[in-house]
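Engineer: Okay, predicted coordinates and the sequence, questions at the end:
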Amino acid sequence: MAENKKQVEQITDMDADFTQWYTDVCKKAELIDYSSIKGMFIYRPYGYAIWENIQRILDAEFKKTGHENVYLPMLIPESLLQKEKDHVEGFAPECAWVTMGGMDKLEERFAIRPTSETLFCEHYKNIIHSHRDLPKLYNQWTSVLRWEKTSRPFLRHREFLWQEGHTMHATAEEAIAETERMFNIYADFYENVLAIPVVKGRKTDKEKFSGAEATYTVECMMHDGKALQGGTSHYFGDGFAKAFDITFTGKDNQLHNPFQTSWGVSTRMIAGIIMVHGDNNGLVLPPKVAPIQVVVIPVAQHKEGVIEANRAVMEKLQAAGFRVKLDDSDNSPGWKFAEYEMKGVPLRLELGPKDMEKNQCVLVRRDNGEKLFVSLDGIEETVAKLLEDIHAGLFAKAKKNLDEHCFPAFSVEEAKAIQAEKGGFIKTMWCGELDCELKMKEEAGMSSRCIPLEQEHLGDVCPICGKPAKHMIYWGVAY
RNA sequence: CCGGGUGUAGCGAAGGUGGUAUCGCGCCUGGUUUGGGACCAGGAGACCGCGCGUUCGAGUCGCGCCACUCGGACCA
């Protein structure tokens, strides 16, 4: 038998080499493929289907809160991009430029959008005239392009898919409320849909979006203790409005500049799913975004009636609204088990002749491997309950990982030592100065992740410079 | 962008000192199998990452480029 051991491609052990494990999962779970241009990835059907589920659920949340989808051009004239000083400084270095139209050199070069604030501003200038035109709550699902130096599947693409919301409001209060509303939608989405716990907070001036007054972020903890910025929501004040000369006449018959927000999440979310929930058998998908929630695998499918019985269960579950796949290919059951584990399907349903006699089937949970023999009567309820349990189980496990990787520190040396030994988020007090942030990066290799909304009092002084502290802040090594 | 590593069939690899490519898995066909990556038999599949050069002759030697990968710097 030992000689029959199949030479199966294995993924790298996640504890031995996490980054290699990650790349292996992306490829072996058939989420992504490389193209001939660095950093330009192909989203394969299974990977794209995860994104479609994310889109569907988030889009519904956006619509519920009054947002409308639009589509703006892909090209931005250089002169337009340059209207807001901080913004152009932040993005121009990583823009790709279109310089030719057909065979002719263009009078002015066009940037392929790295983000669309400037385009939205140009448009808003044309359509906002009165307070009655506000608020404008627009969102766009699209791709953007940033000429990154290094790239990795889902984590850093030169072209990536995202949504970018851009809103305009009559007052600062309304705009700030919008920034917070969308930030909370992201946080809830991470926790309730992706089963990923987040730390909610504000970015430092150094880390905030180019041109923003404030950037709110949800920060996630990967299985290896590194941080991943999960989504950002920005408050712009009226800075862009002034730069782009966007004005409206208020109820007071005076001209005002509107207040602006933008907010976005990208396919980087998928990287988070992989690195938070995955294990050494491959991907583990949270049920709410899994393209296949239940895979039905017939056992001894050549025998009379087996395929039919399996198809009946599949149809029953589909009718109840689950995403189900029946795999009646002629691969062996063992092959199928391994295949769908690699692809992270939350539940496997096995049904063979022995089960048929007892009117039962076997259900196996992807998250913990638990095997259950359950009746085919009421299988819909059983599956619904299990998918909920899986979501809860994934969240609990991820929360434990987050909680166990947050450490207070009271000096740069201590922060550095903890990061080197345990990884994770290091929390310290902070004076608010850029110099201290740079020093933490220089000496401990960590960037600030966020100033969490939930503050703790760890002391009165900044442990980096000794001056009075203003906030508690999280530090970490980020993807 | 800087430093290390790697590019040979879909995947993983072998191919001292130059002579037109080998193996395992996978794939296709037929048969036997089927509760953890099945077995037998037959078969198909390679511009050796791309370009230029040296040579009678380059997977092999030289130069350039591209891509992947691991660190670092930069960034969703």
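Structural biologist: Looks like it came in fine. Residues are numbered from 1 along each chain as shown, chains lettered A, B, ... in the order given.

Engineer: And the helices in the stretch 251-400 of chain A, which stretches?
Structural biologist: A:268-277, A:306-319, A:333-342, A:353-358, A:379-403 (DSSP state H, counting those that start in this stretch).

Engineer: just the stretch 51-200 of chain A next, same as before
Structural biologist: Using DSSP H, counting those that start in this stretch, helices in the stretch 51-200 of chain A cover A:78-81, A:85-91, A:117-127, A:172-192.

Engineer: Dump the shortest one to PDB, keeping only the CA atoms.
Structural biologist: Output of helix A:78-81 as PDB, limited to C-alpha atoms (Å, rounded to 0.1, in the frame of the first residue of the first chain):
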ATOM      1  CA  GLU A  78      -2.800  65.300 -15.600                       C
ATOM      2  CA  SER A  79      -4.000  68.800 -15.000                       C
ATOM      3  CA  LEU A  80      -7.100  67.500 -13.200                       C
ATOM      4  CA  LEU A  81      -5.100  65.100 -11.000                       C
END
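
Engineer: Endpoints of stretch A:399-407, how far apart?
Structural biologist: End-to-end distance for stretch A:399-407, by C-alpha to C-alpha, to the nearest Å: 15 Å.

Engineer: Buried residues, it. List them.
Structural biologist: Buried residues in stretch A:399-407, counting neighbours by 16 or more other C-beta atoms under 10 Å, are found at A:401-402, A:405, A:407. C-beta here means a position set from N, CA and C on the backbone, and glycine is covered the same way.

Engineer: Could you list the residues in contact with that stretch?
Structural biologist: Residues from elsewhere that reach stretch A:399-407 (C-beta atoms under 8 Å, 6 or more residues apart in numbering): A:197, A:199, A:221, A:223, A:225, A:276, A:418, A:422-427, A:474.

Engineer: let's see 10 Å
Structural biologist: Stretch A:399-407 is contacted by residues A:191, A:195-199, A:219-227, A:276, A:414-415, A:418-419, A:421-428, A:452, A:474-476 when judged by C-beta atoms under 10 Å, 6 or more residues apart in numbering.

Engineer: Repeat that for stretch A:435-447.
Structural biologist: For stretch A:435-447, the external contacting residues (C-beta under 10 Å, 6+ apart) are A:204-207, A:227, A:409, A:411-420, A:425-426, A:428, A:430-431, A:433, A:448, A:462-467, A:473-478.

Engineer: Can I get it as CSV, trimmed to CA atoms?
Structural biologist: Written as CSV, here are the backbone C-alpha positions of stretch A:435-447 (Å, rounded to 0.1, in the frame of the first residue of the first chain):
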residue,chain,number,x,y,z
ASP,A,435,9.2,61.9,15.0
CYS,A,436,8.1,59.2,17.4
GLU,A,437,6.3,57.3,14.7
LEU,A,438,9.4,57.4,12.5
LYS,A,439,11.5,56.3,15.4
MET,A,440,9.2,53.3,16.0
LYS,A,441,9.6,52.3,12.4
GLU,A,442,13.3,52.8,12.4
GLU,A,443,14.1,51.0,15.6
ALA,A,444,11.3,48.4,15.9
GLY,A,445,10.3,48.0,12.3
MET,A,446,6.6,48.7,13.0
SER,A,447,4.3,51.3,11.5
